[in-house]
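Colleague: Prediction below, plus the sequence it came from.
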Amino acid sequence: MPVIALNAIAIDPRNPNLFAVAGSDEYTRLYDVRKYKWDGSTDFGQPTDYFCPSHLIGDDQVGITGLAFSDQSELLVSYNDEFIYLFTQDMGLGPNPVPSSPLSACSEPSEMGLDHSAMSASAMEADEKAIPQVYKGHRNCETVKGVSFFGPKSEYVVSGSDCGRIFIWKKKGGQLVRVMEADKHVVNCIESHPHTTVLASSGIERDFKIWTPKAIDKATLPTNIEQIPKRGLFRLLSFAAFNEDDDYNFFLGGGVEGTDDEEDDSDDEYLDFYDDIHDGDGDYNDDSDNDDGDYDNEDVENGDDDDCNDDGDNDDGSNEC
């Protein structure tokens, strides 16, 4: 049986008996620890479900670098040389999917529990499954990158990129809403705080960064501000400076403090996705789009970042590396 190198593992917070693993082939495999039996009579080694976009089944050029579960048991899967996909539980291919790339295809049918009829049925079922939500614009080619949900109800999807930026999308609809420079080289890891709207990022540089939508300290403008394009309103702060009593003050309005002579114009430019979170009707998945398309002078259009797609857009929408 072929060995698949694993890059990612994630536990379902809603059902800790379930965990997903993924690596050097196109499938995410879901396991159930309840299948393990102490007497040795167990089929624990057989996944209970597989997940893969139908167009990637059989593609031996892709692999998976990152996984994440939401509180609603949704599964995020980040592919190298490809995009990020969001699966719901009903999008699984079942325990007997089509043989995939040569890693899976060369397995014995008895090992995989497959026969010709099961393969055909699985192929048809994959085509009929609901299409997973896709998130585009970043580049995931050079290193192993994670992926994460963001927001009190997992309203957003975040990922690093080979271009050194953090990308933030709306989970519902896949719209790219923010791009922020976070590393001179590559951003590999993005983690959200479990209780407050704070992000941590790290990459090739030796430090890690903490991001919050509301600064604790007044920002200091660079001396050459006239020559520097305006960047995002996120500010960096140290863990030591973070005040737990200010939890969720991010949703109460306001912005980055300005000078004493100027009232904050930044309120009008505050992150649109935090306005969505603070909707008065409590709808955290509002379809309304308040974004004005201004991504702080980052050249982002139609979900693509020019610096992350140096070779231009392909007809098939894939990223060039």
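Modeller: Alright, I've got the coordinates.
Colleague: mind showing which ranges of the stretch 101-250 of the chain have poor pLDDT?
Modeller: 101-129, 215-250 (pLDDT under 70).
Colleague: Quick one: the helices in it, in order.
Modeller: 102-105, 109-112, 116-128 (DSSP state H, counting those that start in this stretch).
Colleague: and Gln61, what is it in contact with?
Modeller: Asp81 (Cβ atoms under 8 Å, 6 or more residues apart in numbering). To be clear about C-beta, it is placed using only N, CA and C from the backbone, and glycine gets the same treatment.
Colleague: again, but for Ser78
Modeller: 64-67, 84, 140, 145-147, 159.
Colleague: Reformat these as a markdown table; add neighbour count.
Modeller: Converted to a markdown table, the contacts of Ser78 look like this (neighbours: other Cβ atoms under 10 Å):
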| residue | neighbour count |
| --- | --- |
| Ile64 | 29 |
| Thr65 | 25 |
| Gly66 | 25 |
| Leu67 | 24 |
| Ile84 | 27 |
| Asn140 | 26 |
| Lys145 | 26 |
| Gly146 | 22 |
| Val147 | 28 |
| Ser159 | 28 |
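Colleague: closest to Leu30 among those?
Modeller: Leu67 (10.3 Å; Cβ to Cβ).
Colleague: Surely the closest one is in contact with Phe19?
Modeller: No: Leu67 lies out of contact with Phe19 (Cβ atoms under 8 Å); the separation is 9.4 Å.
Colleague: Check Gly45 and give its pLDDT.
Modeller: pLDDT recorded at Gly45 is 72.
Colleague: Next, it: secondary structure please.
Modeller: coil (DSSP: H, G, I helix; E, B strand; the rest coil).
Colleague: Could you report the distance from it to Phe87?
Modeller: 22 Å (Cβ to Cβ, to the nearest Å).
Colleague: So between those two, which is more surrounded?
Modeller: Phe87 (23 against 10; other Cβ atoms under 10 Å).
Colleague: separation between the more buried one and Gly203?
Modeller: 27 Å.
Colleague: And for Cys141?
Modeller: For Cys141 relative to Gly203 (Cβ to Cβ), the value is 14 Å.
Colleague: Same check on Asn7?
Modeller: In terms of Cβ to Cβ, Asn7 sits 17 Å off from Gly203.
Colleague: So which of those two has more stuff around it?
Modeller: Gly203 (25 against 19).
Colleague: Quick check: Ser24 touching Asp60?
Modeller: No: contact criterion Cβ under 8 Å: Ser24 and Asp60 do not qualify, at 9.6 Å.
Colleague: quick one, which of those two is more surrounded?
Modeller: Ser24 (18 against 14).
Colleague: quick one: Ala200 and Thr212 touch, right?
Modeller: No: Ala200 lies out of contact with Thr212 (Cβ under 8 Å); the separation is 10.5 Å.
Colleague: and those two? which has more neighbours close in?
Modeller: Thr212 (19 against 15).
Colleague: so how far is Ser54 from that one?
Modeller: For Thr212 relative to Ser54 (Cβ to Cβ), the value is 39 Å.
Colleague: repeat for Leu93
Modeller: 9 Å.
Colleague: Name the residue in those two with the higher neighbour count.
Modeller: Between Leu93 and Ser54, Leu93 has the larger neighbour count (other Cβ under 10 Å), namely 21 against 17.
Colleague: give me the number of residues near the residue lying closest to the more buried one once chain neighbours are set aside?
Modeller: Distances taken as Cβ to Cβ, 6 or more residues apart in numbering place Tyr50 nearest to Leu93, at 4.5 Å, with adjacent residues excluded. By other Cβ under 10 Å, the residues close to Tyr50 number 23.
Colleague: Show me what the helix or strand hosting Tyr50 is in contact with.
Modeller: Taking DSSP states H and E as the criterion, Tyr50 maps to strand 49-51. Residues from elsewhere that reach strand 49-51 (Cβ under 8 Å, 6+ apart): 20, 27-30, 75, 77, 87, 91-95, 97.
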